[in-house]
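A.B. asks: predicted structure and sequence below. I'll ask about it afterward.
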Amino acid sequence: MGISGVVFLILVGLLVTVVKWGLIIWGIVWLVRYLKRSREERQRFRLELGKLAEEVRLIRQKLEGGKKQESLTESE
């Protein structure tokens, strides 16, 4: 194996190292973006859940108000 073979092996080793670090950096960037998106989705979900809970509360108040009116009219 001559000088050209050693140079080729060194270049292949460097290429593998660069690709490996590139994949690691890409993975970290992807993970950060995923976690950020996940946090935003959770916040949106909580907001929607809060709106739904408020609607349910209002409907219950209306139903309870209607039942109270019915019981008052029945007792008279």
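C.D. replies: Yep, it's here.

A.B. asks: Leu52 and Leu58: what is the separation?
C.D. replies: Shown here: Leu52 relative to Leu58, a distance of 11 Å by CB to CB, to the nearest Å. The C-beta positions use only the backbone N, C-alpha and C, and glycine is treated the same way.

A.B. asks: make that Leu9, sorry
C.D. replies: Leu9 is 74 Å from Leu58, where distance means CB to CB.

A.B. asks: cool, and Glu41?
C.D. replies: Distance, Glu41 to Leu58, by CB to CB: 26 Å.

A.B. asks: now the phi/psi pair for the residue nearest in space to the middle of the chain, please.
C.D. replies: For the chain, the residue lying nearest the average C-alpha position, counting by CA atoms, centre = their mean, turns out to be Ser38 (1.7 Å). Here the main-chain torsion angles of Ser38 (degrees, to the nearest 10) amount to phi -60, psi -40.

A.B. asks: cool, thanks, talk later.
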